[in-house]
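Engineer: Sequence plus the predicted model coming up.
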Amino acid sequence: MKVYEKLANYLKVNGIKQSYVAKQTGIPENTLSMIINGKLKLDAEKLRDIIIALNIDPSILITPVKNPSNEKSDTE
């Protein structure tokens, strides 16, 4: 699972709106939407801002998911 997919899932599961994240981080809502939909790369600074705004452990978004199949992991 890609970082943007983990972010989208985290927001959905926790009932957090993109508009809230945008306001807390200063990332324009349309930019955040493009990141969450995989249309724009998430750079390290924006990732840091999102992690701080959500007050979450970074590993929630960046730890590779173990996949028993032969598929490539997030980091490859």
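Structural biologist: Great, that's in hand. This structure is a prediction, so every number in the text was calculated from the model and none was measured.
Engineer: Pass me the low-pLDDT residue ranges in the protein, would you?
Structural biologist: Scanning the chain for pLDDT under 70 picks out 65, 67-76.
Engineer: If we use 50, what do you get?
Structural biologist: Along the chain, segments meeting pLDDT under 50 span 76.
Engineer: Helix or strand for the spatially most central residue of it, just tell me which one.
Structural biologist: Nearest to the mean C-alpha position of the chain, by Cα atoms, centre = their mean, lies Leu7 at 2.9 Å. Using DSSP states H and E, the element containing Leu7 is helix 3-13.
Engineer: Would you mind pulling up the elements that that helix packs against?
Structural biologist: Secondary structure elements in contact with helix 3-13, counted by 3 or more Cβ pairs under 8 Å, 6 or more residues apart in numbering; DSSP states H and E, are helix 29-36, helix 44-54, helix 59-62. (C-beta placed from N, C-alpha, C; glycine too.)
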